[in-house]
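Participant: let's see this in three dimensions:
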Amino acid sequence: GQADTAQQQATWDISGDPLNDPNRRTRVQKIYWKADGTPDFGIPVADGLTPIRLSSYNFPDRFIRHWEYRARIEPNVSPLADSQFRTVTGLAGSGTVSLESANFPGYYLRHKNFEVRVEKNDGTSQFRSDASFTARAGQADSAGVSYESYNFPGRYIRHYNYLLNVQTLSTATDRADATFYTQ
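Facilitator: Now for the predicted structure:
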């Protein structure tokens, strides 16, 4: 019928190697595993940097995630995408990084009253400063990463009672709470 003719015409209009068609794309996405051994595919990842997950140094089964916009560490995160972030050029510049939510593009980890939250970039210089961090070698393990506040040097993202805050570090426990591994 008519549809077959249109399909045949479209096939004839391709010149050269059909696998070289600029409209075709190959995508690869990291797969994570649930505690029960089943795969967790998360959400389809948009173009751009591959999202990461950050596991806690001293609670390796817990990952940074957002829940009702508050940042915390939890095991068995569901939906998985709540624990996926893109490490992007810091909104404040100066060699900093910002952590953008994978499932809420335009939302970043930022501190407000020293509590770490996921909030939408409102374009202000205050937000850019609050959402920018200097990635440092992990305070408890140099193979990990610790995030020092851009506008409050000496304060790091760390978990306390499983909630993320920006605090100064003085004890070995503080340093462990402020160390994460990229996955």
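Participant: can you map out the helices along this protein?
Facilitator: Using DSSP state H, the helices of the chain run over 2-13, 125-130, 172-177.
Participant: lowest average pLDDT across those helices?
Facilitator: For the helices of the chain, mean pLDDT drops lowest on helix 2-13, to a mean of 54.
Participant: how far off centre is stretch 139-155?
Facilitator: Centroid displacement of stretch 139-155 relative to its chain, using CA atoms, centre = their mean, to the nearest Å, is 17 Å.
Participant: quick one: the nearest residue to Ala178 once chain neighbours are set aside from Gly93, how far?
Facilitator: Distance criterion CB to CB, 6 or more residues apart in numbering; nearest residue to Ala178, sequence neighbours excluded, is Arg158 at 3.7 Å. C-beta: built from backbone N, CA, C; applies to glycine. Arg158 is 24 Å from Gly93, where distance means CB to CB, to the nearest Å.
Participant: Phe152 too?
Facilitator: 17 Å.
Participant: higher neighbour count, these two?
Facilitator: Using other CB atoms under 10 Å as the criterion, Phe152 and Gly93 rank with Phe152 on top: 15 against 10.
Participant: contact partners for the more buried one?
Facilitator: Residues in contact with Phe152 (CB atoms under 8 Å, 6 or more residues apart in numbering) are 111, 114, 166.
Participant: shouldn't the second one be in contact with Arg155?
Facilitator: Going back to what we said before, that points to Phe114. Yes: using CB atoms under 8 Å, Phe114 is in contact with Arg155, at 7.3 Å.
Participant: and for those two, which residues touch both?
Facilitator: With CB under 8 Å, 6+ apart, Phe114 and Arg155 have common neighbours 166-167.
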